[in-house]
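# Make a model of this:
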Amino acid sequence: MTKLIAHRGASLLALENTKKAFELAGASNKVYGIETDIWLTPDNVWVCTHDSNPFRNKTIHVNESKYSSFKKECLSIAKPKYLGNEQHYICTFDEYLFICKKYHKSPIIEIKQGNLSIQNIKELIDKIKKYNLFNKASFISFELTSLELIKSLEPKALCFDLINVKCKFFSNRKAIKRSLRQKNNISVCYTMASRVTINNVHKQGLLISAWTIDNKRIAHKLVKRNLDFITTNDINLLD
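Modelled structure (predicted):
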């Protein structure tokens, strides 16, 4: 059965990667997991944001600044039509994990940063375990070294190689073949989730997720193909 992942929370209803977006996704009985993107600050605070600078103040980057210096900075409001005048601040990874635990949702964690140390990864894993969520968590990343570090510490961790339509070093077909050869689950742009690809993944005993799907017709087509996970901004997509 295809499971629904809320992309950066319920991001059609609230500003992405905020506590409000995560709470709305958590409250939905249609959502299996809540996806977020994480960065590590120089003072070792994990925060939830897709870009290193999600603020109105464009001089601040989370991977270069202490958490205390930006925790009260307003986030950029990309879609004010549904946000009104409400101000939003960056959500910490701890706050996100608390919400996942509160609503019994699986954390779907995209690691955005490269060049993380094995100690950084160990501390990340320990933090997730503190909330008793590690066995429900999935890790996704274009930074495959980070996924390799996770698996070196926790061989049974559920990890997915992210594969885009345009890959940095390979064609997407070669990237998929490389991941399957290495027995890695994959998370792909939905245009790559053909029936053949899904069947090939399942023949290897692996899982496949696709993103980001907000079109109901496409979603139901992929459900019929037995896709394992759909990542969407619309938590009511499969109604």
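# Give the residue spans of this structure that score low on pLDDT.
By pLDDT under 70, the weakly predicted segments of the chain are 77-85, 165-171.
# Now residue 68: closest residue in space that isn't a chain neighbour?
Distances taken as CB to CB, 6 or more residues apart in numbering place residue 43 nearest to residue 68, at 7.6 Å, with adjacent residues excluded. Backbone N, C-alpha and C define where each C-beta goes, glycine included.
# As a check, name the ranges of all helices in this structure.
In the chain, the helices defined using DSSP state H lie at 19-26, 67-70, 80-83, 93-103, 118-130, 144-153, 172-181, 195-203, 216-224.
# JSON lines for the ones you listed, including mean neighbour count and distance to residue 162?
As requested, the helices of the chain are exported to JSON lines (neighbours: other CB atoms under 10 Å; distance: least, CB to CB, whole Å):
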{"stretch": "helix 19-26", "mean neighbour count": "23", "distance to residue 162": "20"}
{"stretch": "helix 67-70", "mean neighbour count": "16", "distance to residue 162": "26"}
{"stretch": "helix 80-83", "mean neighbour count": "11", "distance to residue 162": "28"}
{"stretch": "helix 93-103", "mean neighbour count": "19", "distance to residue 162": "19"}
{"stretch": "helix 118-130", "mean neighbour count": "16", "distance to residue 162": "17"}
{"stretch": "helix 144-153", "mean neighbour count": "18", "distance to residue 162": "9"}
{"stretch": "helix 172-181", "mean neighbour count": "16", "distance to residue 162": "10"}
{"stretch": "helix 195-203", "mean neighbour count": "15", "distance to residue 162": "14"}
{"stretch": "helix 216-224", "mean neighbour count": "15", "distance to residue 162": "17"}
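# Now tabulate those in a markdown table and tack on distance to residue 37.
Output for the helices of the chain, formatted as a markdown table (distance: least, CB to CB, whole Å):
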| stretch | distance to residue 37 |
| --- | --- |
| helix 19-26 | 12 |
| helix 67-70 | 16 |
| helix 80-83 | 19 |
| helix 93-103 | 10 |
| helix 118-130 | 13 |
| helix 144-153 | 13 |
| helix 172-181 | 20 |
| helix 195-203 | 24 |
| helix 216-224 | 22 |
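# Could I get the phi/psi values of the residue nearest to residue 68?
Note on residue 43: its backbone torsions stand at phi -100, psi 20 [degrees, to the nearest 10].
# how many other residues sit next to it?
Residue 43: 10 surrounding residues under other CB atoms under 10 Å.
# And for residue 235?
Residue 235 has 25 nearby residues by other CB under 10 Å.
# And for residue 88?
Burial of residue 88 is recorded as 19 neighbouring residues (other CB under 10 Å).
# just checking, it touches residue 17?
No - judged on CB atoms under 8 Å, residue 88 makes no contact with residue 17 at a distance of 9.2 Å.
# Check the spacing between the residue nearest to residue 68 and residue 91 real quick.
Look at residue 43 and residue 91: by CB to CB, to the nearest Å, they are 17 Å apart.
# Please apply the same query to residue 104.
19 Å.
# So if I had to pick from those two, which one is more boxed in?
Shown here are residue 104 and residue 91; by other CB under 10 Å, residue 91 has more neighbours (22 against 9).
# what number of residues lie near residue 204?
Using other CB under 10 Å, residue 204 is surrounded by 14 other residues.
# Make 36 the starting number, not 1.
Happy to do that; since the first residue is 36 now, the last one works out to residue 239.
# so what's it closest to, chain neighbours aside?
Spatial nearest neighbour of residue 239, excluding adjacent residues (CB to CB, 6+ apart): residue 215 at 5.4 Å.
# Same check on residue 156?
In this structure, residue 156 finds its nearest non-sequential neighbour in residue 184, 4.4 Å apart by CB to CB, 6+ apart.
# go on, residue 126?
Once flanking residues are discounted, residue 126 sits nearest to residue 83: 4.5 Å by CB to CB, 6+ apart.
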